[in-house]
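In: okay, sequence plus prediction incoming.
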Amino acid sequence: MAKMMRAARYFQHGGPEVISVDHVPVPEPDKGQVLVEIAAAGVAPLDWKMRAGLLQQYFSLHFPKIPGRDGAGRVVACGPGISRLAPGDRVAVMAPPAGQAGTHAEYIVADADLVVPLPDNLGDDAAAALINAGLSAWIAVMRTAQVQRGQRVLVQSGAGAVGGLMVQLCAHLGAEVTATCRAANADYVRGLGASRVIAYDGPAVTDLPPQDVVFDLMGGAVHDACYPMLAPGGHLVWLAAAPITDRGAEFGVRVTRAMITDDAGVVAEVMKLAAQGVLKPQIAGVMPLDQAAEAQRKLAAGEITRGRLILRP
Ligand SMILES: NC(=O)c1ccc[n+]([C@@H]2O[C@H](COP(=O)([O-])OP(=O)(O)OC[C@H]3O[C@@H](n4cnc5c(N)ncnc54)[C@H](OP(=O)(O)O)[C@@H]3O)[C@@H](O)[C@H]2O)c1
């Protein structure tokens, strides 16, 4: 009889109530794949947005869908043709967004090229908080914006999972970092490396010097507010969130979307920076897999702050 596992699943778009935690067969790795036992998985905005059906123009899902973009755990079996990994290896795993298999389950089969060995000094929750969030922050900061020492950089949403890592990375690079967050998170965001904090629920700030780079992780009205903050010729880098209107020509600034694609080399670089203590993983909370629906509800309701919410199967 097939070995069984618990997995969060949904069979249609809808509210968090469409998620159930079911017993399903443990998948078997094929050629070039490994079976990973998940110890900790991140819950990302994409998980609830995809479930709610907000991203159907980008991804068409095949149901049932197991949510979860990333996870940390241990290789338990390897398919044919795998020499780089072996059972027992601690790894980070990425699950393609539109695939049926996600990390909110006890096991996942993943392509070996989306699996990255973990440093010994990084725990499972910490690693899970860094995989997709670190990938997104690293690509936006290093590849898209190419932030340089001495630049003035503004991160819109410095207390979030991705924004918090951007603040840390930009400060490490020697940029002068400003970040936005709710007033209650000001000291937390300063602790990540921001030299100036703007509370989005506080008084308007009028003395911000012109910024060389602004990262917009929110879209919509937050995106609009970025333009006057940029120096002439500055760079507005945005990640997919609420829809945006590109007003770069009007303000004389460059506007670029950071294209976030799964990349094992980038995740390996993020894990190396974490092992060296340059990036400090930010864990907003830990919940059991049985509460997968409640975890997505909390994230969508804005109840999660200061890093990534982790599910432990
Ligand atoms: N492929 C891609 O393009 C890609 C990849 C990764 C992420 N993203 C997007 O990037 C965004 C952030 O992701 P995440 O994982 O970091 O989410 P997250 O951990 O849920 O963080 C969201 C943060 O937004 C902050 N926030 C809310 N309203 C704000 C406002 N008006 N001004 C400034 N900050 C505000 C909150 O700050 P407080 O806690 O201080 O209230 C919260 O911490 C999401 O929209 C996500 O969809 C896109």
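Out: Yep, it's here. Because the structure is predicted, anything quoted here is derived from the model rather than measured. Numbers count the residues shown, from 1 in each chain.
In: show me which residues of the protein sit near the ligand.
Out: Proximity of the chain to the ligand is confined to 44-46, 133, 136, 156-157, 159-163, 180-182, 185, 200, 217-218, 222, 239-241, 260, 299, 304-305 under the rule C-beta under 6 Å from any ligand atom. Just so you know, the C-beta spots here come from the backbone N, C-alpha and C atoms, and that holds for glycine as well.
In: write the ChimeraX selection for whichever of these are buried.
Out: What follows is the ChimeraX syntax for the buried subset of those, where burial is set by 16 or more other C-beta atoms under 10 Å:
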select :44,45,46,133,136,156,157,159,160,161,162,163,180,181,182,185,217,218,222,239,240,241,260,299,304,305
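In: in strands, which of the residues of the chain next to the ligand appear?
Out: With strands defined by DSSP state E, the entries of the residues of the chain next to the ligand inside them are Gln156, Thr180, Cys181.
In: can you redo these as CSV with pLDDT?
Out: As requested, those are exported to CSV (pLDDT from 0 to 100):
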residue, pLDDT
Gln156, 97
Thr180, 98
Cys181, 98
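In: just the residues you listed now: which is nearest Ala128?
Out: For those, the closest approach to Ala128 (C-beta to C-beta) belongs to Cys181, at 22.3 Å.
In: quick one: contacts for the closest one?
Out: Taking C-beta atoms under 8 Å, 6 or more residues apart in numbering as the contact definition, Cys181 lies against Ser157, Gly158, Ala159, Gly163, Tyr188, Val189, Val197, Ile198, Ala199, Tyr200.
In: cutoff 7 Å now
Out: Counting by C-beta atoms under 7 Å, 6 or more residues apart in numbering, Cys181 touches Ser157, Gly158, Ala159, Val189, Val197, Ala199, Tyr200.
In: measure the residue in the stretch 101-250 of the chain positioned nearest to the ligand to Ala179 for me?
Out: Among residues of the stretch 101-250 of the chain, the one nearest the ligand by C-beta to the nearest ligand atom turns out to be Gly160. It sits 2.3 Å away. Distance, Gly160 to Ala179, by C-beta to C-beta, to the nearest Å: 10 Å.
In: next: Pro45.
Out: With distances defined as C-beta to C-beta, the gap from Pro45 to Ala179 amounts to 18 Å.
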